[in-house]
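Peer 1: Here is a sequence together with a model predicted from it:
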Amino acid sequence: MRALYPGSFDPLTNGHMDLIERASALFGEVIVAVLSNPSKKPLFTVEERIAQIRVSTAHLERIEVISFDGLTVHCAEAHCADLILRGLRAMSDFEYELQIAHTNRSLAEDLETVFLATSARHSFLSSSVVKEVARFGGPVEHMVPCEVASDLNRHFNSAFTPPVT
Ligand code: ADP
């Protein structure tokens with residue numbers, strides 16, 4: 001089966017990695033689809049995010065990394081995906097994810113959305129939290145793959161000035 005895993009991945013976290021690894025074992029083939037939406041003002045360009053995901057998933061087989069804009073269902077159809085994969089961290093994700101899943105089902109009724117519950121140790125992780133920690137010079141090595149940690153450090157090191165106490 002071929003799973004389409006859409007998201008912003010700005011940047012990829014260990015929570016995303018956990019989902020990709022488990023989906024790869026479950027479904028065989030995973031297409032990671034990076035949303036190209038400039039109105040979200042991403043920290044990393046689509047090309048940078050794709051490069052981060054490619055390097056971080058190089059140990060896995062049958063992972064494809066692509067960019068997309070527009071509707072997820074169109075992307076899924078264009079890439080002959082059997083299902084859309086999304087992650088659930090907490091109840092707070094649920095309401096939004098359910099709405100999106102129903103919307104997608106109304107647009108493409110044969111396309112299922114499959115949710116994987118995040119591993120407990122990654123349930124606090126989000127791309128925004130990681131960016132916030134990195135922005136203020138905190139360590140992110142335990143939250144993201146090492147290539148992403150380097151990119152974050154490079155990005156914020158020049159900008160970071162310790163607060164005056
Ligand atoms: P989006 O802007 O589409 O929500 P994200 O990159 O934030 O894009 O998330 C993509 C998917 O990965 C979503 O289904 C989200 O719930 C899931 N996800 C995000 N963080 C984690 C995590 N720590 N563990 C598992 N899944 C996660």
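Peer 2: Received the coordinates, thanks.
Peer 1: Could you use CA atoms for every contact and neighbour count after this?
Peer 2: Noted.
Peer 1: interface residues of the chain facing the ligand?
Peer 2: Contact residues, the chain versus the ligand (Cα under 6 Å from any ligand atom): 7-9, 15-16, 19, 86-89, 118, 122-123, 125-126.
Peer 1: Select only the buried ones of those in ChimeraX?
Peer 2: To isolate the buried ones among those in ChimeraX, judged by 16 or more other Cα atoms under 10 Å, type:
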select :7,8,9,15,16,19,86,87,88,89,118,122,125,126
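Peer 1: now, which of the residues of the chain next to the ligand lie within helices?
Peer 2: Taking DSSP state H as the definition of helices, the residues of the chain next to the ligand contribute 15-16, 19.
Peer 1: Go through the residues you listed and say which is closest to the ligand.
Peer 2: residue 15 (3.5 Å; Cα to the nearest ligand atom).
Peer 1: Give the closest residue to the closest one in space, chain neighbours not counted.
Peer 2: residue 122 (5.2 Å; Cα to Cα, 6 or more residues apart in numbering).
Peer 1: follow-up on the earlier one: go through the residues of the chain next to the ligand and flag which are in strands.
Peer 2: Within those, residues falling in strands by DSSP state E are 7, 86-88.
Peer 1: how about the helices in the chain?
Peer 2: Going by DSSP H, the chain shows helices at 14-27, 46-56, 72-78, 91-107, 127-135, 146-157.
Peer 1: buried stuff in the shortest one?
Peer 2: Residues 72-73, 75-76 are the ones in helix 72-78 that count as buried (16+ other Cα under 10 Å).
Peer 1: just those now: which is nearest residue 142?
Peer 2: Residue 142 lies nearest to residue 72 out of those, by Cα to Cα, at 30.4 Å.
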